[in-house]
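# Sequence first, predicted model second:
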Amino acid sequence: MNLPSFPNVDLFSAGINALNGVLVARNPSHDRGYTIEGLLIMAFFGGIGGGITRDIILNDVPGPIKDPTFLVVCLLMGLLGLAIYRYAASREEQFRTRTLAFFKSFTLPWFAILGAHKALEHDLGIFAAIVIGVIATTAGGVVIDLFSGITPEIVKPSEHLVTTAVMAAAVYTGIAVALTGRSDFFPVTLISVLVAFIFRVFAVREHWKQIVPVDVSATGPDSRAA
């Protein structure tokens, strides 16, 4: 399949997701007294976890193993994330929360689009492209959540992480397949990012609900006794 080229998007995705990984790990809901080294490790999980998972599924050698630039970029973006969080923490709680939500909304679509792109390159079809896009998007965050001892955010209500990833991957896949050989990288990708980003910003800001079969607090089963 003749798809748009992806110049350095994998590296860009790793960088912005490393930054987001530090912001998530530094958040009070996740922070377990991590050292600077520990937070930078979380940056690597966030930055390359999704890409490595995607490449292993596709039976490719993971990009971060072939190119040490990934590690440098994740390190630098992790340090930038620490600086951003330090600044945000000095402001009111609402500013810090909005900052984290903004960065997460921006970083989400990129791995989804890149995962879908690589799946299409392997001729796996539209459904597989969307599934791999979702896996690539969420794998790094799941690792951070599990290390922090909390329920992964992808299964919590009101986060819309999976919905956003599906939307980004589906929009990219649909356009890429429909316009194969007739479009280049930027319009297809930026349209997909913009659609998914706008959706999640409004979903989080307006508290769009997700379907929960039992009406209980998001804090977990123990809340039933409250």
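Arrived safely. Here the structure is a predicted model, which means the values were calculated and not measured.

# where do the helices sit along the chain?
9-26, 36-57, 63-66, 69-89, 93-121, 125-147, 161-178, 185-205 (DSSP state H).

# Most tightly packed of these?
Highest mean neighbour count of the helices of the chain: helix 9-26, a mean of 25 (counted as mean count of other Cβ atoms under 10 Å). Every C-beta, even on glycine, is put in place using the N, C-alpha and C of the backbone.

# And the average pLDDT for that one is what?
For helix 9-26, the mean pLDDT works out to 86.

# Need the mean per-residue confidence for stretch 41-53.
Here the average pLDDT along stretch 41-53 is 90.

# in the protein, which ranges drop under the pLDDT threshold?
1-7, 92-93, 95-96, 158, 181-186, 214-226 (pLDDT under 70).

# can I get the helices of the chain in JSON lines with distance to residue 154?
Converted to JSON lines, the helices of the chain look like this (distance: least, Cβ to Cβ, whole Å):
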{"stretch": "helix 9-26", "distance to residue 154": "12"}
{"stretch": "helix 36-57", "distance to residue 154": "12"}
{"stretch": "helix 63-66", "distance to residue 154": "22"}
{"stretch": "helix 69-89", "distance to residue 154": "20"}
{"stretch": "helix 93-121", "distance to residue 154": "11"}
{"stretch": "helix 125-147", "distance to residue 154": "5"}
{"stretch": "helix 161-178", "distance to residue 154": "5"}
{"stretch": "helix 185-205", "distance to residue 154": "13"}
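
# Just tell me which of those ends up closest to residue 213.
Comparing the helices of the chain by their distance to residue 213 (Cβ to Cβ), the top pick is helix 161-178, with 16.2 Å.

# That closest one to helix 36-57, inter-axis angle?
Angle of helix 161-178 versus helix 36-57, following axes from the mean of the first three to the mean of the last three Cα atoms, to 10 degrees, is 40 degrees.

# what does stretch 120-135 rub up against?
Contact with stretch 120-135 is made by 1, 3, 50, 53-54, 57-58, 111-119, 162, 165-166, 168-170, 172-174, 176-177, as judged by Cβ atoms under 8 Å, 6 or more residues apart in numbering.

# circling back to that earlier point, quick one, which of the helices of the chain gets closest to residue 155.
Closest among the helices of the chain, using Cβ to Cβ: helix 161-178, at 8.4 Å.

# Output that closest one as PDB, restricted to C-alpha atoms.
Extracted in PDB, the C-alpha atoms of helix 161-178 (Å, rounded to 0.1, in the frame of the first residue of the first chain):
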ATOM      1  CA  LEU A 161      -8.500   7.400  26.400                       C
ATOM      2  CA  VAL A 162      -9.600   4.400  24.400                       C
ATOM      3  CA  THR A 163     -12.300   6.400  22.600                       C
ATOM      4  CA  THR A 164      -9.800   9.100  21.600                       C
ATOM      5  CA  ALA A 165      -7.300   6.500  20.400                       C
ATOM      6  CA  VAL A 166      -9.900   4.600  18.400                       C
ATOM      7  CA  MET A 167     -11.100   7.900  16.800                       C
ATOM      8  CA  ALA A 168      -7.500   9.000  15.900                       C
ATOM      9  CA  ALA A 169      -6.700   5.600  14.400                       C
ATOM     10  CA  ALA A 170     -10.000   5.300  12.600                       C
ATOM     11  CA  VAL A 171      -9.900   8.700  11.000                       C
ATOM     12  CA  TYR A 172      -6.300   8.300   9.900                       C
ATOM     13  CA  THR A 173      -7.000   4.800   8.500                       C
ATOM     14  CA  GLY A 174     -10.100   5.800   6.700                       C
ATOM     15  CA  ILE A 175      -8.500   8.800   5.000                       C
ATOM     16  CA  ALA A 176      -5.200   7.000   4.300                       C
ATOM     17  CA  VAL A 177      -7.100   4.000   2.600                       C
ATOM     18  CA  ALA A 178      -9.500   6.200   0.700                       C
END
